[in-house]
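>>> The following comprises the amino acid sequence and a computationally predicted model.
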Amino acid sequence: MSKETKKPFRQSMTEWRQFIYNPNSGEFLGRTAKSWGLILLFYLVFYGFLAALFTFTMWVMLQTLSNDIPKYRDRISSPGLMISPKPDTALEFYFNKSDAQSYAEYVATLRKFLESYDDSKQSQNINCTPGRIFDQNDVAVKKACRFNLSELGQCSGKEDKTFGYSKGTPCVLVKVNRIIGLKPEGEPRIQCASKEAGMVEINYFPPEGLIDLMYFPYYGKSLHAHYLQPLVAVQLAINSNSTKEEIAIECKILGSPNLKNEDDRDKFLGRIAFKVQMTE
Amino acid sequence: KHSDVKATRSEYRQECQETHKLQTSCAKAAQVLARDGPNALTPPKATPEIVKFLKQMIGGFSILLWIGAVFSWISFGIQLAQGAESPFDNLYLGVVLALVVILTGIFAYYQEAKSTNIMASFSKMIPQQALVIRDGEKKELPADQLVVGDIVEIKGGDRIPADIRLIFAQGCKVDNSSLTGESEPQSRSCDFTHENPLETKNIAFYSTTCVEGTATGIVINTGDRTIIGRIASLTSGVGNEKTPIAIEIEHFVYLVAGVAISIGVLFFIISVSMRYKILDSIIFLIGIIVANVPEGLLATVTVSLSLTAKRMAKKNCLVKNLEAVETLGSTSVICSDKTGTLTQNRMTVAHLWFDNQIYSADTSEDQTTQPFDQSSPSWTALSKIVTLCNRAEFRPGQENLPIMKRVVVGDASETALLKFAEVILGDVMNIRAQNKKVAEIPFNSTNKFQLSIHKTDDPNDERFLLVMKGAPERILERCSTIMINGKEEPLDSEKAEAFQTAYMELGGMGERVLGFCHLYLPENEFPDTYSFDTDSMNFPTSNLCFVGLLSMIDPPRSTVPDAVSKCRSAGIKVIMVTGDHPITAKAIAKSVGIISATSETVEDIAKRLNIPVEQVNWREATAAVVNGMELKDMSSQQLDEILCNHSEIVFARTSPQQKLIIVEGCQRQVRGHHLLTKPTSFCVFQGAVVAVTGDGVNDSPALKKADIGIAMGIAGSDAAKNAADMVLLDDNFASIVTGVEEGRLIFDNLKKTIAYTLTKNIAELCPFLIYIIASIPLPIGTITILFIDLGTDIIPSVALAYEKAESDIMNRRPRNKRKDRLVNEQLAIYSYLQIGIMQSVGAFVTYFTVYAEQGFLPSTLLGVRVNWENNAINDFEDSYGQEWTKYQRTYLQWTGYTAFFVSITIQQVADLIIRKTRRNSIFQQGNKVIWVGIFSQIGIALILTYGLGHVTALNFTPLRFQYWFVAVPFAILIWVYDEVRKLFIRRYPGSK
């Protein structure tokens, strides 16, 4: 191997040039224009065919799907819990109750979130019978149940435009993830607790954090366009001597045997944990 | 030490008388031993085991994977510092990558060590003992304790313990074949006969054997300073070149690593410019590297090679270095020994001449009868002489063995005659017993005949029978009559002429000819009680009756001609290199086909045209017989020309050193650039791979220099076996040819394995690229990729090694080292850009199906990556308005991985089926092991999916059964597409 004589630089340059374009045979990168054209054509046809095949199979597959409900719902058998407002970084609220700027974003988010719950938007929604699953399987056009903002009491944003943030009693809305066809059993309710006792007092709207069964089941985006998921507002009255401390709060869905809240791996399945730190 | 050798005869005489004065005392011996070291060859420097091991750890793709592992750990460190939620994924990934490297490294090391161990058993020798006279006492000492000046005694059967100068010898003969390649035992005496220590009669060399007689000598060289030690050090000086397959694999690794690194870096830049975080970009880079590197491939190659090595071992080719398996397949020149390799390594009667006629005898290995006409009374007379005038005897207790396999005590010619007689006449020993020997003169170099006198077995005939055999011309001199058809006729000039013609003809065939004559001694002169005296020769030794000639040769092995012609059709040039006489060499070369029937040497042409040799145009001669003496005076250019211009070459009378020159010539001939420009030469410049066979110590430099050195297992010396890459257990040239076949097959099959393995790299890579560009949830995880590369794909890749040859691979020319690469452009492009893309499409269809049926339509998936992977978003909305927590999404993502994995596996089954053959249709060629591959592939996938689907760390989830079938149409498409391609290849061969 070592004996291979090195070609002079100029010669190898010429060879390279010859390889890139050979004027004698009209070869470009070792092939003629015609040859390159044929190769290009082949790949054009080949990939064109594959693309068409892909599109076709995808189309066939999509034809087998219903527009209304997904084929399988086994990956979401139990709903997760989520809160609003949701801070960008993690589920941690930091605000200064005397500095409106520090919680302006939370307030704006809440306001935006509750827009769809505004009475004017709920004109089509009907008043359903509380405490009972609102089964509409036989009905073609699914009705949505009305969720009165007033149920959220002090957290409705009507009386207190800052949702309690300016008073040191911030509101956090807890919602149950929408899952098509989910029918909770029993009397589901949200209950929150602070890990450190005595730092915070928690109030629920509606009272006891109850979630009414009439909002279930959900029939999906296309059938159930005006559906509004039930909300539970949690108002945290932070003790004045607990300011500047990080308060960890965990909310769980309780009272319903078919809603899980203690999954090892999924920390948001039927529960949610967040932190609040308020300064003055 | 030359002065020792040159000492005059009288000095030796003196020494012989004063032996006792020369004795070394034990004390002095200890001193010399301390100075010179033990009398043993320094073993060649072995690479330390740890270095070998580390080489496996960093060779090939390992570096890339180490980089991947280090990147994983770096990103783990960064994530940990940033306090991210699940930094341990990257730690695990790094650990897994490191484990993959270490485990494949250990595996390769183990495989290599295993094949080395086979060889180690060869070199185990029983410690040698030597009989030394020290302090006036004879002592048995281990040979490595010998020192210069020691006096040692040797007898027949001993191995010479050091280089010794003889001071006393009685009928001593040594077998120098391990040193010089000459198989004839050579006599040794106290006489200084030649300047050259190798030629002089009074030196016996370390490691040669004393065949018969006894001798006493002074140790003149020990250990590495012996002649053999010098050759051994010459051997270790010859560098080891990379094997062709190592070059190919290196080329392949560079190619794949090049693709991996360029795609990796390209997408690193793309992802950075798409504003991905650097950390994310690094993680993508790891994924791309892992997807591109066929982690299991090098292990698969090793396994395939060792499978072939095992298969070759069954066919008597023991491979020392796994890579040599393939080297044999790319061999384009074989420099073969004659004795033992091409021939049976035993003298056998080939022709007879009596009644003015030449008869041919059967020379095959397992003769039981001789077919020639045995009705003539002359034959009866001749057979009697052959039987009686012979000192050789069968060793007792071998009655059940075939005659040809029995061990005989006696020299090569007598053995041949004994066996010949035994085959035709039956119990020779009994015949001899019935014809009692009364007197005998053994063969000696002055008389050049052997004579014995017997009583005959005919009770009515009281005459003694005198039988004689020897050099034909000497025998004829002593005869006055000749037997024709059982009658004694006067030996006139016409009959003498006939004898001459026959003698020349047999001699011209390279055969050793012996003349036979007899005489019935007249009863009245030599009565029953006559006392024969061999010293005074009181009986007639002239005016005898000439009976016939027998000629002997070491005949070619019966399988060799076929093997040589196979080599020829396989485009392999067979060159004979032998220490034998040119005539014998040429005769054997002709009979095995190394020189074909129609071709002529320069000498033949000269003879035919009746012109001097110098006038012959040497380009017309296709064959050449080159004498070692001529070779000595040749320049390397002249040697090149000979190697170039003759397709059939025999080198005769070559010295051991010349063998190395010839091998170098063969390698240079086709490697050198300077010849390329010469318009006159018509060599094929393709980078020849030279195989060399050899058995002696003297061969070891050539064996080492060769691309593949082949040592003889039976006749080979340990040094030869150590220097060789392969050992022929049966010393048979034909075994080399089967080896070549296996080597070529494995090269073809490795091509298939690599094509099979490379294809799915694209299906593993595309997910990452599309993930980065289209921001969809990751279709397949890095760990899952490892499960394909090191799980489902391994057994099928190995199964391809069992594939049979497609067309007659022995009718192809040897592969051109420059052009026929293991992985070429076409293979890579076809795998990467065609089949690989098809596989990706099939896998993506499954992926989108799984997501769509769970609620995420393809349109929803595009661009969701950032939110999808955000741990804080736990109400991610799907196409139907449902909301998903992070873990629910991750679990779905794992289901996606599993589906993608299953799709690749299913399509790899199709890939396996199409890679089985490169030209033939699947319907034309079966291979049962492929089924094992397919079932293992699917079986492992089932176990991973359903069995280990609940182990979170592995990222597998149980999968709905129908998803196994989504990719099936694509698998069928791949198969049909390739069948069509093969059809075109068969219809229009040779098109680009």
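Arrived safely. Numbers count the residues shown, from 1 in each chain, chains lettered A, B, ... in the order given.
>>> which parts of the stretch 101-250 of chain A sit against chain B?
Applying CB under 8 Å from any CB of the partner chain, we find that the stretch 101-250 of chain A lies next to chain B at A:175, A:177-180, A:218, A:220-222, A:224, A:227. Quick note: C-beta positions are derived from backbone N, CA and C, even for glycine.
>>> let's see it at 10 Å
Contact residues (CB under 10 Å from any CB of the partner chain) of the stretch 101-250 of chain A with chain B: A:175-182, A:218-225, A:227, A:229.
>>> what about residue 37, how many neighbours?
Going with chain A. If you count neighbours by other CB atoms under 10 Å in any protein chain shown, residue A:37 ends up with 11.
>>> ah, I was thinking of chain B
Look at residue B:37: counted by other CB under 10 Å, it has 15 neighbours.
>>> Which residue, other than its chain neighbours, is closest to it?
Leaving aside its chain neighbours, residue B:37 sits nearest to residue B:223 (5.9 Å; criterion: CB to CB, 6 or more residues apart in numbering or on different chains).
>>> So, low pLDDT: which residues of the stretch 401-550 of chain B?
B:445 (pLDDT under 70).
>>> Now do the helices in it.
B:412-425, B:428-434, B:472-477, B:493-508 (DSSP state H, counting those that start in this stretch).
>>> and the shortest one, C-alpha only, in PDB?
Same thing as helix B:472-477. The C-alpha coordinates for helix B:472-477 follow below in PDB (Å, rounded to 0.1, in the frame of the first residue of the first chain):
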ATOM      1  CA  PRO B 472      19.900 -48.700 -15.400                       C
ATOM      2  CA  GLU B 473      23.100 -47.900 -17.200                       C
ATOM      3  CA  ARG B 474      25.200 -49.700 -14.600                       C
ATOM      4  CA  ILE B 475      22.900 -52.700 -14.600                       C
ATOM      5  CA  LEU B 476      23.000 -52.900 -18.400                       C
ATOM      6  CA  GLU B 477      26.800 -52.800 -18.300                       C
END
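>>> Report the contact partners of residue A:17.
Going by CB atoms under 10 Å, 6 or more residues apart in numbering or on different chains, residue A:17 touches residue A:23.
>>> for residue B:707, same thing?
For residue B:707, the contacting residues are B:241-244, B:324, B:327-328, B:330-333, B:663, B:666-667, B:687-692, B:725, B:817, by CB under 10 Å, 6+ apart.
>>> isn't residue A:81 right next to residue A:234, touching?
No: taking contacts as CB atoms under 10 Å, residue A:81 lies outside contact range of residue A:234: 11.0 Å.
>>> quick one, which of these two is more surrounded?
Neighbours per residue, other CB under 10 Å: of residue A:81 and residue A:234, the larger number sits with residue A:81, 25 against 22.
>>> Surely the more buried one is in a helix?
No: per DSSP: H, G, I helix; E, B strand; the rest coil, residue A:81 lies outside any helix segment and is strand.
>>> pLDDT weak spots in the stretch 1-150 of chain B?
Regions of the stretch 1-150 of chain B meeting the criterion pLDDT under 70 cover residues B:1-24, B:43-46, B:84-87, B:115-127.
>>> would you list every one of the helices in it?
Using DSSP H, counting those that start in this stretch, the helices of the stretch 1-150 of chain B run over residues B:2-6, B:9-17, B:19-22, B:26-36, B:49-58, B:62-82, B:88-123.
>>> Same question for chain A.
Using DSSP state H, the helices found in chain A span residues A:9-20, A:33-63, A:100-115.
>>> pLDDT on the second one, on average?
It refers to helix A:33-63. Helix A:33-63 carries an average pLDDT of 92.
>>> and that helix, anywhere near chain B?
Yes: judged by CB under 10 Å from any CB, helix A:33-63 comes into contact with chain B at A:35, A:39, A:42-43, A:46-47, A:49-51, A:53-54, A:56-58, A:60-62.
>>> low-confidence ranges in chain A?
A:1-10, A:89.
>>> Let me see the ranges of the strands in chain A.
Along chain A, counting by DSSP state E, strands occupy A:21-22, A:27-28, A:31-32, A:81-84, A:92-96, A:171-176, A:189-194, A:200-205, A:231-238, A:246-254, A:271-279.
>>> Packing partners of the fourth one?
Going back to what we said before, that points to strand A:81-84. Here strand A:81-84 touches helix A:100-115, strand A:171-176, strand A:231-238, strand A:246-254, strand A:271-279, going by 3 or more CB pairs under 10 Å, 6 or more residues apart in numbering or on different chains; DSSP states H and E.
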